[in-house]
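Engineer: Sequence isn't available, so here's the structure alone:
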């Protein structure tokens with residue numbers, strides 16, 4: 001009887017989970033099948049209420065992070081009619097932590113339940129027809145879960161107004177009148193200069209993060225001549241505009257001739273993604289025992305091979321950006337022998353690690369002898 005009790009308890013728990021999670025679909029339901037996907041031409045309605053997701057204690061106890069991606073569909077009353085899970089929730093533990101598969105799945109289910117319970121309470125202005133769009137929830141150990149709606153829609157960020165008092169329609173920009181938009185016969189220009197935004201101290205202190213979506217006019221010389229906010233994160237808008245205003249590109253071509261163009265860009269601010277939020281610390285690294293650390297008289301070696309990371313498909317779909325800070329172990333031959341994550345951006349960690357393990361540097365020589373060394377590197381992911 002004592003043997004059966006945990007089995008029966010597990011069965012009861014499993015049934016309870018099914019009852020709770022039955023409203024979260026794994027395949028498109030009838031509402032989603034009939035709904036129109038969000039787009040600049042079919043923007044997400046203004047969000048009126050959005051109770052946040054609850055923290056997952058088991059994840060916090062592990063100093064872990066996680067991501068849940070849902071597809072939600074609104075009915076014509078502005079209520080969430082259907083919820084679909086897009087991928088298995090991502091669970092990332094803290095540095096030096098290990099996690100068995102059973103516990104990982106329990107935490108993943110907890111995050112999914114928390115995210116679903118949140119979106120069930122969201123309310124929007126009534127759309128003229130059902131509309132569907134993705135939502136990403138980011139769970140971190142020291143902050144409430146942070147949700148991002150589909151950033152491809154100008155109204156994807158909810159009700160926060162822009163400096164003009166609302167999200168401007170795509171065609172309502174006098175400065176861009178007569179200027180063609182990137183697409184069709186006009187290929188996206190290649191960026192040649194990218195200035196990173198300065199993360200406002202007030203936003204860092206309040207742990208404000210998010211994605212600012214902007215439209216930029218790129219002149220015939222490839223320089224950004226004007227910028228406006230399409231989707232606002234009020235504390236971050238100015239920093240985003242200031243940075244994008246300094247970006248430069250190869251001139252766009254129309255029928256073989258340089259032309260000014262209008263394009264949409266995103267600027268991502270994330271506390272956990274390598275923003276200037278304090279020094280990164282890490283426990284001892286056995287694999288790097290005996291290696292020197294870059295700093296002081298040990299200068300960073302010159303990189304000779306840089307392999308770009310593969311952008312995760314899910315992150316591209318959600319137009320999600322971020323940054324991963326890693327520590328790399330460089331061997332005497334200049335090749336990266338190992339890498340570990342110091343500051344995580346869960347969706348991008350695996351891709352970042354795989355890329356930096358292929359990097360190479362000029363060997364570092366001390367007293368005429370090539371040596372191993374460690375140093376921190378940052379891999380950034382951004383949708384251009």
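Structural biologist: Arrived safely, thanks for sending. These numbers were taken from a predicted model, which means no experiment stands behind them. Residues are numbered from 1 along each chain as shown.
Engineer: who does the stretch of helix or strand residue 113 belongs to touch, helix- and strand-wise?
Structural biologist: For residue 113, the element it lies in under DSSP states H and E is helix 101-119. Counting contacts by 3 or more CB pairs under 8 Å, 6 or more residues apart in numbering; DSSP states H and E, helix 101-119 is packed against helix 4-21, helix 57-61, strand 65-74, strand 80-85, strand 90-92, strand 131-140, strand 143-149. For every residue, glycine as well, the C-beta is placed using N, CA and C.
Engineer: what angle do the third one and strand 131-140 make?
Structural biologist: Interaxial angle of strand 65-74 relative to strand 131-140 (axes from the mean of the first three to the mean of the last three CA atoms, to 10 degrees): 160 degrees.
Engineer: Report the beta-bridge partners for the residue lying closest to residue 25 once chain neighbours are set aside.
Structural biologist: Excluding the flanking residues, the one nearest residue 25 by CB to CB, 6 or more residues apart in numbering is residue 84, at 4.5 Å. Note on residue 84: beta-bridge partners by DSSP bridges are residue 25, residue 71.
Engineer: Quick check: residue 84 vs residue 110, distance?
Structural biologist: 19 Å (CB to CB, to the nearest Å).
Engineer: same check, this time on residue 123
Structural biologist: Counting by CB to CB - residue 123 and residue 110 are separated by 24 Å.
Engineer: right, and residue 361 touches residue 334 too?
Structural biologist: Yes. Using CB atoms under 8 Å, residue 361 makes contact with residue 334 at a distance of 4.5 Å.
Engineer: how close does residue 249 get to residue 223?
Structural biologist: Residue 249 is 8 Å from residue 223, by CB to CB.
Engineer: more neighbours, these two?
Structural biologist: residue 249 (22 against 16; other CB atoms under 10 Å).
Engineer: show me the contacts for that one.
Structural biologist: 189-192, 218, 222-224 (CB atoms under 8 Å, 6 or more residues apart in numbering).
Engineer: Count residues in the vicinity of the nearest residue to residue 49 once chain neighbours are set aside, would you?
Structural biologist: Leaving aside its sequence neighbours, residue 49 sits nearest to residue 123 (CB to CB, 6+ apart; 4.2 Å). Counted by other CB under 10 Å, the residues lying close to residue 123 total 16.
Engineer: can you give me the strands for the stretch 101-250 of the chain?
Structural biologist: Assigned by DSSP state E, counting those that start in this stretch, the stretch 101-250 of the chain shows strands spanning 123-124, 131-140, 143-149, 191-193, 210-218, 224-231, 248-249.
Engineer: Nearest to residue 330, out of those?
Structural biologist: Residue 330 lies closest to strand 191-193 among those, at 28.3 Å (CB to CB).
Engineer: who does the closest one touch, helix- and strand-wise?
Structural biologist: Secondary-structure packing of strand 191-193 (3+ CB pairs under 8 Å, 6+ apart): strand 248-249.
Engineer: Tell me the strands beside the following helix or strand past the strand it packs on, with direction?
Structural biologist: The element immediately downstream of strand 248-249 (helix or strand, assigned by DSSP H and E) is strand 252-254. Sheet pairing for strand 252-254, assigned by DSSP bridges, gives strand 257-259 (antiparallel).
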